[in-house]
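Engineer: Model the following, please.
(chains A, B, C and D)
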2 protein chains.
Amino acid sequence: MKPDLKVMAKEHTEVCARQQFADCRNCRLGALCLPIALAAADVERLNNIVERKLPLQRGDHLYREDDTFRSVYAVHSGTVKTYHITDDGQEQVTGFFFPGEIVGMGGIGCGRFGSSAKALETTSICEIPFASLGELSMQLPSLQKHFFQLMSQEIVEDEKLITLLSKSSAEQRIAALLLSISVRNARRNLSSTRFRLPMSRTDIANYLGLTIETVSRLFTRFARNGLVTSNNKEI
Amino acid sequence: MKPDLKVMAKEHTEVCARQQFADCRNCRLGALCLPIALAAADVERLNNIVERKLPLQRGDHLYREDDTFRSVYAVHSGTVKTYHITDDGQEQVTGFFFPGEIVGMGGIGCGRFGSSAKALETTSICEIPFASLGELSMQLPSLQKHFFQLMSQEIVEDEKLITLLSKSSAEQRIAALLLSISVRNARRNLSSTRFRLPMSRTDIANYLGLTIETVSRLFTRFARNGLVTSNNKEI
DNA sequence: GCCTCACCTTGATCAGGATCAAACTCTACG
DNA sequence: CGTAGAGTTTGATCCTGATCAAGGTGAGGC
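Structural biologist: Below you'll find the model as predicted:
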């Protein structure tokens, strides 16, 4: 398994560098990402405002808490976690973002990011300057609408997490996270039953409001009950 | 105290009915609500799309989960809670909304409301049809921007709650809620140190992921320690 | 005035998950 | 190959807040 990962990461980086991961018009995430709302001609206009960035390496920051907000970011490949640091210095993971998802919408409100975003693995990102997106939205009603929808969905997602944290046992929380990842994988036409978890136990625990020991115990319990086979991770 | 409340509620209803709580142009919440972003001439255009509704009585629903989404709602006076029913039939309170705040943004995403909204006391509401708001936003960039900001702020607020639920003790949760209400009162130029809590212990407990017993115990503990004097509620 | 019902407070006990502690597994690196 | 260090697993114990149970308070209705 180990060599695979290494090789995959390297290949990935190279492919991205070579192709500049191309263009919204032939990105295979189009059906998930912003273009979903647009006519072909308009995708090009969107494409023109998007800036591709060099791939982030594991641990690199996409932005940090209190950075001034200029753009939102679409994850093209890889995984990003968002987190903030609480008053007493602890980290709180607030979300995981997979390809096709938009990160950074929490920054629109006050002009600065309310949280930091960090790559969990080699990750490539499309930066969408918010000023340009705003202008374009004024001309393309469906883009405005879609963007409102994306934000609204993030609110709904957050509320689901609130419910999860407020009402559910450790077991249910982990099950819910696994299911959520499974669904998001399915949306990208990946297997919903076999996948690698890109985040560490620590991040999972932190996100779910548990300790790493509890998470670990539950994974082994799930495995004992035959629900999950895990190694580097699969349902 | 009891007769006061009754009288207040009745007066409130009458005033609203008489004035139709007027007009965005002379609403004293203008500085908080949508008009904050607009030039005087444009407030009138906003005002024209807003529909005032008859006051809701305690317990009335503003909308219900799965209703088709048509509008967002500004709280003019009173208090609203949002909640959903989990798969196992339990209620989960997801937010409290005070005057000047906008409810219902979670519905934009999928065209239906993801939660129900219910009045905690006599409450008057300005309904803002979302289609009209969208059109107007296409013409008034600052309105579009402000609305993006409002949604973003809701995301940030939800993330704060997530952190609270995930990291904090019962004591910290309650303290945080009281402070949050205090700040929101201050924004409306009400006292930040003396106020009535419009929601029941049950709602507080539910919102904070605690039991009503725990909430009650902590209020009395706070009172013993002299942090709070409570009866119908004041810090 | 009394009864009812909803809401709140207080007490006793229990349990899920945190905390503390230690060993094990990879991966990286010299 | 051996060592270092991060990440993970497992075990023993403790504590916060849930649960169960009972009594108190206040408003409305008859």
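
Engineer: Dig out what the residue nearest to the spatial centre of chain A forms beta bridges with.
Structural biologist: What sits nearest the mean C-alpha location of chain A, by C-alpha atoms, centre = their mean, is residue A:97, with 0.8 Å. Per DSSP bridges, the residues bridged to residue A:97 are residue A:80.

Engineer: so what's it scoring on pLDDT?
Structural biologist: Per-residue pLDDT puts residue A:97 at 94.

Engineer: what do you get for residue A:219?
Structural biologist: 90.

Engineer: I'd assumed residue A:227 was in contact with it.
Structural biologist: No: counting by C-beta atoms under 8 Å, residue A:219 does not reach residue A:227; the two are 10.0 Å apart. For glycine as for every other residue, the C-beta is placed from the backbone atoms N, C-alpha and C.

Engineer: Who has more neighbours out of these two?
Structural biologist: Neighbour count, other C-beta atoms under 10 Å in any protein chain shown: between residue A:219 and residue A:227, residue A:219 has more, with 19 against 13.

Engineer: near DNA strand C, anything from the longest helix seen in chain A?
Structural biologist: Counting residues, the longest helix found in chain A (DSSP state H) is helix A:141-167. No: if you take C-beta under 7 Å from any atom of the strand as the test, helix A:141-167 misses DNA strand C, and the best it gets is 10.4 Å.

Engineer: does any part of stretch A:87-104 sit near DNA strand C?
Structural biologist: No: using C-beta under 7 Å from any atom of the strand, we find that stretch A:87-104 stays clear of DNA strand C, coming within 10.3 Å at best.

Engineer: Do any residues in that stretch lie close to DNA strand D?
Structural biologist: No: using C-beta under 7 Å from any atom of the strand, stretch A:87-104 stays clear of DNA strand D, with a minimum separation of 11.8 Å.

Engineer: for that stretch, which positions count as buried?
Structural biologist: For stretch A:87-104, a neighbour-count test (16 or more other C-beta atoms under 10 Å in any protein chain shown) marks A:92-104 as buried.

Engineer: Stretch A:222-229 now?
Structural biologist: So, applying 16+ other C-beta under 10 Å, buried residues of stretch A:222-229: A:222, A:228.

Engineer: Start and end of that stretch, how far apart?
Structural biologist: 8 Å (C-alpha to C-alpha, to the nearest Å).

Engineer: what secondary structure does residue A:62 sit in?
Structural biologist: Classification of residue A:62 using DSSP: H, G, I helix; E, B strand; the rest coil returns strand.

Engineer: Quickly note the distance from it to residue A:116.
Structural biologist: 8 Å (C-beta to C-beta, to the nearest Å).

Engineer: Over to residue A:191?
Structural biologist: 31 Å.

Engineer: Looking at those two, which is more packed in?
Structural biologist: Neighbour totals were compared for residue A:191 and residue A:116, and residue A:116 leads with 19 against 11 (other C-beta under 10 Å).

Engineer: thinking again about what came up before, is there contact, residue-wise, from the longest helix of chain A to DNA strand D?
Structural biologist: No: using C-beta under 7 Å from any atom of the strand, helix A:141-167 stays clear of DNA strand D, coming no nearer than 8.9 Å.

Engineer: Helix or strand next in line after that helix, which one?
Structural biologist: Following helix A:141-167 in sequence order, the next helix or strand is helix A:170-187 (DSSP states H and E).

Engineer: next helix or strand past that next one?
Structural biologist: helix A:201-208.

Engineer: Show me the contact partners of that next one.
Structural biologist: A:81, A:83, A:91-96, A:120, A:164-165, A:170, A:173-174, A:177, A:197, A:199, A:210-212, A:214-216, A:219, B:166 (C-beta atoms under 8 Å, 6 or more residues apart in numbering or on different chains).
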